[in-house]
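Participant: Compute the structure for the input listed below.
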Amino acid sequence: MSRPGREAQLLELDRRHVWHPYASIGASASQPLLVESARGVRLRLSDGRELIDGMSSWWCAIHGYRHPALDAAARAQLDQMAHVMFGGLTHAPAIELATRLAEIAPGDLEHVFFADSGSVAVEVAVKMCLQAAAPGRSRLLAFRGGYHGDTFAAMSVCDPIDGMHHLFSGVLPSQVFAPRPPGGVDAPPEEAWIAELRTLFERHGGELAAAIVEPIVQGAGGMWFYSPLYLRELRELCDRHGVLLIFDEIATGFGRSGTLFAADRAGVCPDVMCVGKALTGGYITLAATLSTPRVAEAIGGPLMHGPTYMGNPLATAVALASLALLEDGGWKARVDRIEEVLTEELAPAAELPGVSAVRVLGAIAVIEMRDTVALEAATAAAVGAGVWLRPFRNLIYAMPPYVADVEELRAIGRAMLAASAA
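Facilitator: Numbers count the residues shown, from 1 in each chain. The predicted structure is shown next:
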């Protein structure tokens with residue numbers, strides 16, 4: 001079969017059988033792009049075109065594709081074992097990864113539970129807090145505008161009105177929601193918002209097992225940046241009312257917002273922290289839920305969770321190699337460069353009709369439109385500029401791999417401007 005014929009066949013089979021994220025079967029007017037390979041920061045399509053990946057494959061491929069150190073770690077582990085059950089057995093990659101995570105995490109987050117994905121890490125965090133909580137404490141507090149995953153406990157703490165899971169609102173547990181924190185990482189705190197948060201704790205503190213938030217950056221809920229001072233207030237309220245604090249660092253962890261963890265910017269240590277996405281550099285799905293000794297002691301008995309692929313040797317070995325790449329400290333300069341270049345490139349967007357705001361923090365850049373983005377037109381405009389972007393709702397955003405060079409970053413900025421004009 002000819003190359004174009006094989007491509008057409010695959011895309012027809014995809015249309016007929018494959019269910020893509022947040023999509024209907026066969027309902028899209030446009031076909032997905034067929035990726036043949038990837039290297040560095042570039043995706044090679046089956047038709048020979050190359051696109052700069054401005055999304056880091058949904059924010060996880062921070063070192064780019066086919067990184068020699070990560071490839072070598074995967075190959076070496078395959079020579080030992082790809083998987084072994086974690087119940088009653090253990091192995092060096094998982095032990096070493098847990099130890100390393102405990103060393104680099106904020107405060108005394110020294111106990112590590114490995115999970116399959118970010119959503120499952122959030123489920124585990126919720127279970128930890130519910131098992132550790134005093135009798136009668138079974139609800140969670142979250143910020144409006146947040147997103148924590150697609151499984152049931154995770155969906156219950158996503159924004160209940162504007163979030164993508166409102167279809168399930170009738171069957172999800174009822175949680176307590178604080179208003180979205182006012183925007184601006186460097187903005188002074190708004191006392192009215194703090195007062196409302198205090199009122200919620202006074203009203204519901206006795207029934208809360210935990211508060212769960214995305215620190216500093218709300219990701220899929222709106223790419224919203226807010227002051228770390230609000231996290232300090234939240235920490236104080238949790239302590240005062242005997243409520244555990246969960247930080248969902250799945251999107252922000254490992255340098256994305258400009259510090260190794262967003263918690264570091266706030267100088268706040270949560271009781272439980274979820275990490276994922278960039279943990280393996282985008283190679284294999286893996287996440288982790290970290291807790292303090294206080295939480296583990298409060299649980300007392302076994303934590304009732306145990307995924308089949310928990311602590312997978314292949315994933316933990318690659319994650320160790322990914323963390324080693326971060327340990328040289330070079331990631332900080334690269335993330336600062338991304339922030340500088342994209343701030344410069346996106347400055348003209350603020351003057352464009354239809355643009356509501358432009359935000360850049362670390363390796364996250366956002367053009368917020370006043371109206372919903374025409375997804376197909378905006379995506380086509382970015383692809384025409386040689387870049388892969390995936391806008392959603394009214395947001396055109398990029399989270400590039402840290403290894404993108406200046407010219408690649410400038411191309412991403414141009415593609416964002418082109419998408420905003422589509």
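Participant: Let me see the domain layout of this protein.
Facilitator: Each domain of the chain is listed here as a residue range: 33-66+329-421, 71-327, per automatic domain parsing.
Participant: and the ones you listed as a markdown table, adding distance to Ile25, mean neighbour count and mean pLDDT?
Facilitator: For the C-beta atoms, the positions are set from N, CA and C on the backbone; glycine is no exception. Formatted as a markdown table, these follow (distance: least, CB to CB, whole Å; neighbours: other CB atoms under 10 Å; pLDDT from 0 to 100):
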| stretch | distance to Ile25 | mean neighbour count | mean pLDDT |
| --- | --- | --- | --- |
| domain 33-66+329-421 | 18 | 19 | 97 |
| domain 71-327 | 17 | 20 | 96 |
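Participant: Redo those domains as CSV? Include distance to Ser2.
Facilitator: As requested, those are exported to CSV (distance: least, CB to CB, whole Å):
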stretch, distance to Ser2
domain 33-66+329-421, 12
domain 71-327, 31
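Participant: and Glu7, which of those is closest to it?
Facilitator: Taking CB to CB, domain 33-66+329-421 is the member of the domains of the chain nearest to Glu7, at 4.8 Å.
Participant: what's the first-to-last distance across that closest one?
Facilitator: Using CA to CA, to the nearest Å, one end of domain 33-66+329-421 lies 22 Å from the other.
Participant: same check, this time on stretch 47-55
Facilitator: Stretch 47-55: ends 21 Å apart by CA to CA.
Participant: What of stretch 81-92?
Facilitator: Its start and end residues considered, stretch 81-92 measures 11 Å (CA to CA).
Participant: Setting the sequence-adjacent residues aside, check what's closest to the residue nearest to the spatial centre of the chain.
Facilitator: The residue lying closest to the centre of the chain (CA atoms, centre = their mean) is Ala251, at 2.2 Å. Excluding the flanking residues, the one nearest Ala251 by CB to CB, 6 or more residues apart in numbering is Gly219, at 4.0 Å.
Participant: Give me the phi and psi angles of Met369.
Facilitator: Dihedral pair for Met369: phi -90, psi 160, per degrees, to the nearest 10.
Participant: now Glu103
Facilitator: Backbone geometry at Glu103, expressed as degrees, to the nearest 10, gives phi -70, psi -40.
Participant: Next one: Leu10 from Leu409, what distance?
Facilitator: 32 Å (CB to CB, to the nearest Å).
Participant: ok, now Met1?
Facilitator: The gap separating Met1 from Leu409 is 39 Å, by CB to CB.
Participant: Could you list the residues in contact with stretch 314-334?
Facilitator: Stretch 314-334 has contacts (CB atoms under 8 Å, 6 or more residues apart in numbering) with 62-63, 67, 69-70, 72-74, 76-78, 82-83, 91, 93-94, 96-97, 100-101, 104, 114, 254-255, 258, 260, 278-281, 283-286, 309, 402-403.
Participant: Can you identify each of the helices in the stretch 1-150 of the chain by residue range?
Facilitator: For the stretch 1-150 of the chain, the helices defined by DSSP state H, counting those that start in this stretch occupy 3-17, 56-59, 68-78, 92-104, 118-132.
Participant: can you give me phi and psi for the residue nearest to Ala347 when sequence neighbours are not counted?
Facilitator: Excluding its sequence neighbours, the residue lying closest to Ala347 (CB to CB, 6+ apart) is Val358, at 7.5 Å. With angles defined as degrees, to the nearest 10, Val358 sits at phi -130, psi 130.
Participant: List the contacts of Val358.
Facilitator: Residues near Val358 by CB under 8 Å, 6+ apart: 346-347, 349-350, 366-368.
Participant: again, but for Thr280
Facilitator: When contacts are counted by CB under 8 Å, 6+ apart, Thr280 touches 60, 70, 286, 315, 318-319, 322.
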